[in-house]
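# got a predicted model here, sequence first, then my questions.
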Amino acid sequence: MCLAIPSRVVKIENDMAVIDVDGVRREASLLLLEDPQVGDWVIVHAGFAIHKIDEIVARESLDILRESAAVVEQAQHKKGGI
């Protein structure tokens, strides 16, 4: 299964962006986007920003991912896995 993560563009240099997800910054290619701007929210997969998205949708998606991770972690604790 593949997972694309909503990220905010914080810097652009040539066709590369620095993206931010909860304070974690990484580089992503912007080659697949039309007219990317600093402040845009994008979906990133395999190092490429593949689609611009609305900030509200991005934040809701990140909240769901956080909640899912918490459920998995809690289940692992109950099984004694962590």
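Right, received. Where do you want to start?
# how about residues contacting the lengthiest strand in the chain?
In the chain, with assignment by DSSP state E, the single longest strand is strand 5-13. Here strand 5-13 makes contact (CB atoms under 8 Å, 6 or more residues apart in numbering) with 17-21, 25-26, 28, 30, 36-45, 49, 53, 57-59, 61-62, 65. (Each C-beta comes from the backbone N, C-alpha and C, glycine too.)
# now do the helix or strand bottoming out on mean pLDDT in the chain: distance to the chain's middle.
The helix or strand of the chain with the lowest confidence, counting by mean pLDDT, DSSP states H and E, is helix 55-79 at a mean of 89. Here helix 55-79 is found 13 Å from its chain centre; the criterion is CA atoms, centre = their mean, to the nearest Å.
# now for it, which elements pack on it?
Contacts defined by 3 or more CB pairs under 8 Å, 6 or more residues apart in numbering; DSSP states H and E place helix 55-79 against strand 5-13, strand 41-45.
# if you count neighbours, what's buried in the longest strand of the chain?
With burial defined by 16 or more other CB atoms under 10 Å, the residues of strand 5-13 counted as buried are 5, 6, 7, 8, 9.
# what is the nearest of those to residue 75?
Ranked by distance to residue 75 (CB to CB), the buried residues of strand 5-13 are led by residue 5 at 21.8 Å.
# who's that closest one bridged to?
Going by DSSP bridges, residue 5 is paired in beta bridges with residue 44.
# how about the least confident helix or strand of the chain: buried residues?
In helix 55-79, counting by 16+ other CB under 10 Å, buried: 58, 61, 62.
# thank you, goodbye.
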